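# The following comprises the amino acid sequence and a computationally predicted model.
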Amino acid sequence: MPVRVIKPQAGPQEQFLASPADIAIYGGAAGSGKTWGVLMEPLRYVTNTPDFYAVFFRRNTTHIRNPGGLWDASMKLYPLTGGEPNQSILEWRWKVGGGKIKMGHLDQESTVLDWQGSEIPLIIFDELTHFSETQFFYMMSRNRSMSGVRPYIRATCNPDADSWVAKFIEWWIDQETGYPIKERSGVIRWFLRLGDSIVWADSRAELIQKYGQPELPGDHPDQVKPKSVTFIPAKLSDNKLLMQTDPDYKANLMALSRVERERLLMGNWKIRPAAGLYFKPSDASPVSARPNNIVSIVRKWDLAATEPSESNADPDWTVGALMAKLADGRYIILDIVRERLRAHRVRELVAKVAKMDGHNVRIGLSQDPGQAGKEQAASYVAMLAGYSVSVTKESGDKITRAEPFAAQWQAGNVDYYTAPWNKTMLDELEAFPTSGVHDDQVDALSGAFSLLNTRVAAKPSTGGQRVYADTFAE
């Protein structure tokens with residue numbers, strides 16, 4: 001039988017697996033080999049340490065079971081070393097050696113209490129920024145061992161400027177550019193948690209000298225116990241195997257919006273959503289003639305139902321965005337309807353515009369949560385009998401929903417028809433996501449783009465029209 005050698009790739013992955021730190025955090029960009037790095041980590045013990053136990057944590061079980069996720073990846077690796085899976089409980093066991101690996105979740109803050117009394121020699125957080133600081137430090141208290149293996153923690157992450165992790169590893173990050181400092185990769189520092197504060201030093205001895213009690217021996221239970229930490233950044237370019245087997249993956253990252261591209265391709269820990277980063281007017285082109293190569297066309301509505309008043313001088317707008325996809329893969333914004341009206345007049349406006357657009361334009365509506373939203377959606381569908389209607393429940397925040405459209409805008413793949421509504425549209429897009437500035441046109445345009453790229457099954461409806469409802473609530 002041929003011998004299989006399981007080893008890390010040279011570079012950051014190898015450095016990560018060789019680190020002696022109590023806590024080693026790895027990654028900082030997509031496609032950098034993070035998952036395979038942490039999957040290899042427990043293999044050094046599972047076949048030769050009977051009481052060894054490792055637990056992988058994701059924020060929820062869905063992330064573990066997703067196609068191509070943590071469990072799927074482990075199925076490619078662990079059987080090679082004699083691991084036997086139990087998918088129902090997401091656990092691996094080794095008959096030779098007696099080691100165990102469990103994959104679990106911490107979906108709620110209180111879920112950590114499920115691990116009270118546990119003894120886990122190796123804790124691995126996959127995507128550490130998805131967990132709270134409270135969860136991380138509570139689970140540190142479960143990181144103990146009677147197996148003979150010194151307890152330790154490993155973690156992976158992608159950049160998130162607003163996470164507690166960004167603060168925790170800031171010494172390894174250039175605070176001006178947001179990029180990791182190359183010379184500090186893998187360098188070990190030491191910390192103590194004193195109350196809610198974390199104090200750092202370049203050595204364990206320095207912390208003990210400053211905060212310990214000299215008259216107590218180093219193993220006294222009341223003596224301070226510093227922990228060592230390192231951060232090892234890696235990018236897609238460090239994962240030679242992935243770049244060889246999937247050379248198009250870089251193109252996928254390049255197609256992201258500017259903010260996500262900086263985070264996931266370049267490993268930028270300081271980039272944040274800000275005005276001008278999503279929709280620069282210069283990235284799109286005005287056209288003076290309606291194209292003749294339209295392959296799909298939709299009008300997506302972002303509904304509001306309030307007129308300006310003394311108590312509410314600046315309410316949200318009702319916006320209907322007409323967008324088309326062209327045969328060459330480009331997109332064009334053909335029209336923006338933008339009004340502030342009461343509910344009954346909004347209904348009149350939607351019906352009037354549908355008649356103006358014609359039956360070849362698919363109409364998109366959003367369904368608000370709850371029974372009232374369901375009834376409103378059903379009412380609009382009935383009113384628009386004879387038209388193709390798509391009703392969806394919006395998911396994710398506004399920035400997340402805008403990302404796919406923003407990526408195409410930034411790539412120069414979006415045109416807009418020259419018309420009086422251009423200025424207000426461009427002003428709003430450029431300001432996104434500024435607090436206090438309206439984003440109704442952004443919502444409508446993002447929804448139109450999503451609708452143009454979503455294939456859903458038609459549902460039968462009274463009135464003879466096609467009702468498209470990928471997330472329609474019956």
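Yes, it's here. Residues are numbered from 1 along each chain as shown.
# Going by C-alpha atoms from here, please, whenever you check contacts or count neighbours.
Will do.
# The nearest residue to residue 425 once chain neighbours are set aside is in what secondary structure piece?
Once flanking residues are discounted, residue 425 sits nearest to residue 441: 6.6 Å by C-alpha to C-alpha, 6 or more residues apart in numbering. Per DSSP states H and E, residue 441 falls inside helix 440-452.
# Can you tell me which helices and strands that helix packs against?
strand 294-302, strand 318-326, strand 362-366, helix 398-410, helix 422-431 (3 or more C-alpha pairs under 8 Å, 6 or more residues apart in numbering; DSSP states H and E).
# let's go with 6 Å and repeat that
Applying 3 or more C-alpha pairs under 6 Å, 6 or more residues apart in numbering; DSSP states H and E, we find helix 440-452 packed against strand 294-302.
# just for the stretch 1-150 of the chain, where's the confidence low?
Scanning the stretch 1-150 of the chain for pLDDT under 70 picks out the ranges 1-3.
# Which stretches in it count as helices?
Assigned by DSSP state H, counting those that start in this stretch, the helices in the stretch 1-150 of the chain fall at 12-18, 34-40, 43-46, 61-65, 70-77, 133-140.
# Could you save the ones you listed as TSV and add columns showing distance to residue 104 and mean neighbour count?
Below are these laid out as TSV (distance: least, C-alpha to C-alpha, whole Å; neighbours: other C-alpha atoms under 10 Å):
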stretch	distance to residue 104	mean neighbour count
helix 12-18	22	19
helix 34-40	14	20
helix 43-46	18	18
helix 61-65	7	16
helix 70-77	11	16
helix 133-140	12	15
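# What number of residues are in the vicinity of residue 397?
A total of 8 residues lie near residue 397 under the criterion other C-alpha atoms under 10 Å.
# so what pLDDT did it get?
As predicted, residue 397 sits at a pLDDT of 87.
# what's the spacing between it and residue 137?
Separation of residue 397 from residue 137 (C-alpha to C-alpha, to the nearest Å) stands at 28 Å.
# Please enumerate the strands of the stretch 51-200 of the chain.
In the stretch 51-200 of the chain, the strands defined using DSSP state E, counting those that start in this stretch lie at 53-58, 83-86, 91-94, 100-105, 122-125, 152-157, 189-194, 197-201.
# Note down every partner strand of the fourth one and its orientation.
Next to strand 100-105 in the sheet, as set by DSSP bridges, lie strand 53-58 (parallel), strand 91-94 (antiparallel).
# Send me that strand as CSV with only the CA atoms.
Output in CSV follows, covering the C-alpha atoms of strand 100-105 (Å, rounded to 0.1, in the frame of the first residue of the first chain):
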residue,chain,number,x,y,z
LYS,A,100,-11.6,12.1,19.3
ILE,A,101,-12.6,15.2,17.3
LYS,A,102,-15.9,16.9,17.8
MET,A,103,-17.5,19.7,15.6
GLY,A,104,-19.8,21.9,17.6
HIS,A,105,-21.5,25.3,17.5
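# could you dump the strands paired with strand 100-105 to a markdown table with distance to residue 160 and mean neighbour count?
Below are the strands paired with strand 100-105 laid out as a markdown table (distance: least, C-alpha to C-alpha, whole Å; neighbours: other C-alpha under 10 Å):
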| stretch | distance to residue 160 | mean neighbour count |
| --- | --- | --- |
| strand 53-58 | 16 | 23 |
| strand 91-94 | 30 | 20 |
